[in-house]
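[1] I would like the atomic coordinates for the input below:
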Amino acid sequence: MPIRLTALTDPSAGPHRRRAAWLAADDDGSPVGTAFLTLSDREEQAHLAEAEIAVHPAGRRRGTGALLLEAAAAAARADGREVLLAVAEEGGPGEAFLAARGLRRVLVLIETRLPLADADGAALAARVERPHPGYRLVDWDGAVPDELLERYLAARPAMDDMPLGGTGHRPVRWTAERLRAAAEAVAARGDLLHTVAVLSEEDGALVAFTELVVPGDGTGAGRHYGTGVLPAHRGRGLTGWMKAASIGTARRRHPALEGLKTDTAEENTPMRRANEALGYRPTRRLCHYRLDL
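    Residues are numbered from 1 along each chain as shown. Next up, the predicted model:
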C-alpha cells in the first residue's frame, strides 16, 4: 500500500526555534512513521536544520523513511538552511538508513551513565576535599547570581573549542539574557539546575564550570549539560573536582535519583577520562550524520 504524508502543527515551538512535523500513514490511516524538523533562529545555528525520523517496523522497506527525509530536506532548503543533521545509534537501522541516503557521518558522541547506587561516596568526598592550590569551589541553583554573572559570561567560551566534528555547529554566543533564559527554561519544565564552578583565588575570575539538571521530583536520571575549563587552567584536575562536588550534592539532595548521564565526543579524550575516573560507563554511541543542502 502507498504511504501518505500529512504535515502537522507542532505545539512545542520556543521563542528561538520552530519545528515542522510530518506523519506517515498507510491508506487505512494507520501511522507508520514521523519526522520532526527543528529550525533555530539563533544566529550561530541559522544555517542548520536538525531532523528526527522514526519509522515503525511495519513501515520499513516501503520507502517511508525516504519520504520523510525528503520532506524534511525540502522544508529545510525552503527555509534557506545549508546543512541537515540527523542522529542515529551506531549499528542500528537508523544509521544504515542515513548512510544509504547519502548522509555522511561527521561526529560520534559516547553516552555514559553513572549509577548512583554504585558511586563511592567516600571517594567522591575525598576528591572534593583534595586541595587545589589557588582555586576554590562555588555553586548555585538556577540562574547565576548577579555577583557572578559577568565572571560566568567570561568563562562560557571555555566550551568553544570542544570537538564538533563536521556538524557545522558554531560556538554559542552567550549573553546575560541568554544565560537567564536557559535557566528559566529548565525551571519552567519543572527540572532543577545546579552549577558548580571554580574561582581563581589570584584574581577572583571564574575559570571553570559544570552544570547538572535533575528531574524536579528527584527520581530517574539527571543529565550533565555544559562543562568547561578555560585553556589556561586545564590539566589541573578541575573537571574531576567540580564533577565530584556536583555528584555528591545530587546524591545528598536526591536520594531516590537513580543515575547521572552525560555524552562526550569520541575524540574528546580528556573529558572522557575525567568521566571514566568518576565511574561513568558507556551505554551507547550516537552518530551524527550530515547532508549538505
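[2] any buried residues in the helix or strand harbouring Arg18, and which?
    Applying DSSP states H and E as the criterion places Arg18 in strand 17-25. Residues of strand 17-25 classed as buried: Arg19, Ala20, Ala21, Trp22, Leu23, Ala24, Ala25 (neighbour count, 16 or more other C-beta atoms under 10 Å). (Glycine included, C-beta is placed from N, CA and C.)
[3] just name the closest of those residues to Ala71, please.
    Trp22 (5.1 Å; C-beta to C-beta).
[4] correct me if wrong: that closest one contacts Arg4.
    No: assessed by C-beta atoms under 8 Å, Trp22 is found out of contact with Arg4, at 10.2 Å.
[5] about what we covered before: take the buried residues of strand 17-25 and write them to a markdown table, including pLDDT and distance to Met162.
    Below are the buried residues of strand 17-25 laid out as a markdown table (pLDDT from 0 to 100; distance: C-beta to C-beta, whole Å):
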| residue | pLDDT | distance to Met162 |
| --- | --- | --- |
| Arg19 | 92 | 25 |
| Ala20 | 94 | 29 |
| Ala21 | 95 | 30 |
| Trp22 | 96 | 32 |
| Leu23 | 95 | 36 |
| Ala24 | 92 | 35 |
| Ala25 | 92 | 40 |
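[6] how about those in a markdown table, adding distance to Leu179?
    Output for the buried residues of strand 17-25, formatted as a markdown table (distance: C-beta to C-beta, whole Å):
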| residue | distance to Leu179 |
| --- | --- |
| Arg19 | 24 |
| Ala20 | 28 |
| Ala21 | 30 |
| Trp22 | 34 |
| Leu23 | 37 |
| Ala24 | 39 |
| Ala25 | 42 |
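[7] between the residues you listed, which sits nearest Leu192?
    For the buried residues of strand 17-25, the nearest to Leu192 is Arg19 (25.5 Å; C-beta to C-beta).
[8] tell me what the closest one is bridged to.
    Judged by DSSP bridges, the bridge partners of Arg19 are Thr38.
[9] pretty sure it contacts Phe36?
    Yes: the criterion here is C-beta under 8 Å, and Arg19 meets it with Phe36 at 5.6 Å.
[10] identify the contacts common to those two.
    Asp10 (C-beta atoms under 8 Å, 6 or more residues apart in numbering).
[11] report the buried residues of stretch 112-119.
    For stretch 112-119, by 16+ other C-beta under 10 Å, it's Thr112, Arg113, Leu114, Leu116, Ala119.
[12] among those, which are in helices?
    Members of those lying in helices (criterion: DSSP state H): none.
[13] from the residues you listed, which is closest to Gly165?
    Thr112 (18.3 Å).
[14] which residues are in contact with that closest one?
    Lys261, Thr262, Asp263, Thr264, Asn275, Glu276, Tyr280, Arg281, Pro282, Thr283.
[15] how many residues are close by the residue lying closest to it once chain neighbours are set aside?
    Distance criterion C-beta to C-beta, 6 or more residues apart in numbering; nearest residue to Thr112, sequence neighbours excluded, is Tyr280 at 3.9 Å. When neighbours are counted by other C-beta atoms under 10 Å, Tyr280 registers 24.
[16] my guess is Tyr280 meets Pro115, correct?
    No: with contact defined as C-beta under 8 Å, Tyr280 does not reach Pro115; the gap is 9.6 Å.
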